[in-house]
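K.L.:
Sequence first, predicted coordinates after that:
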Amino acid sequence: MNSVFAARLTKLRRERGMSQKDAAKMLGVSQSLLSHYEKGIRECSLDFVCRASNFFDVSCDYLLGQVDTRRSLSEEFDMTDTVQDGEYRTSTLFRASVMLNDSMINCGSPEKLKDYFALSIYRMAVCAANGGYIPKKWISLDCETSPVFGSVLMTDIIRELMAEANQESQKNIAEPKCVKTVVEHSEKLIRKRAAELAAEKSRG
């Protein structure tokens, strides 16, 4: 294995906040063997590469240094703009999420991106649980306050991602139509609400 593999294996473990002992246990090897892999002293098997890529949620190619993108969600999506991308619909939202994730995956920690999307889904799940669409027992926190804390966490993650923005990535900016459509729709909602608040303030 090359030095890139050793460096990336070490980086991924540290990003998870895991000790070598804990990571080795999860990966089914001894701590000493994992240490040798991370130092580039020992060659590992293809089976270990596959296990490590699945555990750390990256592609084997990324681990081996063949590509710099960890795991592109776009692998299962057609990244070419479609006619439907110009329409605000559910599929456009999904495609925009995938393409944003793919564009920003090298910005800061990928775990933060996953956490942001997870919190967004969690807030919707709380609403769904209150409406009886999913089991309410799935929500163990207070349904009134947990979405509020979720919003605060999402704001914190956005700040952190902006602070860690990779300046190099700004030289090759992607322009997926689906993201533009979602941005335009969202800004329309924001402007409408801002106008309503301004009208309420003027009346008061």
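P.N.:
Perfect, thanks for sending it.
K.L.:
is it true that R51 touches A24?
P.N.:
No: taking contacts as CB atoms under 8 Å, R51 lies outside contact range of A24: 11.4 Å. Yep, even glycine has a C-beta here, placed from its N, CA and C like the rest.
K.L.:
Look at these two and report which has more neighbours.
P.N.:
Neighbour tally, R51 and A24, criterion other CB atoms under 10 Å: the higher count belongs to A24, 19 against 16.
K.L.:
Residues contacting the helix or strand where G150 lies, please?
P.N.:
Assessed by DSSP states H and E, G150 sits inside helix 146-163. Here helix 146-163 makes contact (CB atoms under 8 Å, 6 or more residues apart in numbering) with 104, 107-108, 112-113, 115-116, 119-120, 122-123, 126-127, 139.
K.L.:
buried set for stretch 139-152?
P.N.:
Within stretch 139-152, the residues scored as buried using 16 or more other CB atoms under 10 Å are 139, 146-147, 150.
K.L.:
my bad, stretch 195-202
P.N.:
Buried-residue list, stretch 195-202, by 16+ other CB under 10 Å: empty.
K.L.:
go on, stretch 24-33?
P.N.:
Buried residues in stretch 24-33, defined by neighbour count with 16+ other CB under 10 Å: 24, 27, 29, 33.
K.L.:
Quick one: buried ones out of the contacts of helix 146-163?
P.N.:
Counted by 16+ other CB under 10 Å, these give 104, 107-108, 112-113, 116, 119, 122-123, 126, 139 as buried.
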